[in-house]
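turn this into a model:
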Amino acid sequence: MFIAVRHTWGEDRVFFFADDGTQKSLPRAWTDAADVDVFVALAGDRCPFRVADLLAVAEIIDGLDSPALPTV
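This is a model prediction of the structure:
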């Protein structure tokens, strides 16, 4: 049973009674009482990139930091 949302231990927490009657709490971010993540809301649960493509871009960027090859 839900009790309240309070700011404790440096974060917002949801307090509730467990089935055995003991009071428990979880970080609010772990529950549906959390604020909507702006990125997730705007992205609409979709991503235009594949993991393989993002890894390829990361390799290209890493290569930009390496010293230029000597010219002959």
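
what's in contact with the one helix or strand A58 maps to?
Element membership for A58, per DSSP states H and E: helix 51-65. Taking C-beta atoms under 8 Å, 6 or more residues apart in numbering as the criterion, no residue outside helix 51-65 touches it. C-betas here are computed from N, CA, C, even on glycine.

in the chain, which segments are predicted with low confidence?
45, 66-72 (pLDDT under 70).

pull up the distance across stretch 44-55, start to finish.
One end of stretch 44-55 sits 23 Å from the other (C-alpha to C-alpha, to the nearest Å).

buried residues in it, which are they?
Going by neighbour count (16 or more other C-beta atoms under 10 Å), nothing in stretch 44-55 comes out as buried.

next one: stretch 4-13
12-13.

mind saving the C-alpha coords of that stretch as PDB?
This file holds the C-alpha atoms of stretch 4-13, laid out as PDB (Å, rounded to 0.1, in the frame of the first residue of the first chain):
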ATOM      1  CA  ALA A   4       3.800   9.000   0.400                       C
ATOM      2  CA  VAL A   5       6.600  10.400  -1.700                       C
ATOM      3  CA  ARG A   6       9.300  12.200   0.500                       C
ATOM      4  CA  HIS A   7      12.700  13.700  -0.100                       C
ATOM      5  CA  THR A   8      15.100  11.600   2.100                       C
ATOM      6  CA  TRP A   9      18.700  10.400   1.800                       C
ATOM      7  CA  GLY A  10      19.300  13.100  -0.800                       C
ATOM      8  CA  GLU A  11      16.600  11.900  -3.300                       C
ATOM      9  CA  ASP A  12      12.900  11.600  -3.700                       C
ATOM     10  CA  ARG A  13      11.700   8.200  -2.400                       C
END
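
that's all I had, so thanks and see you.
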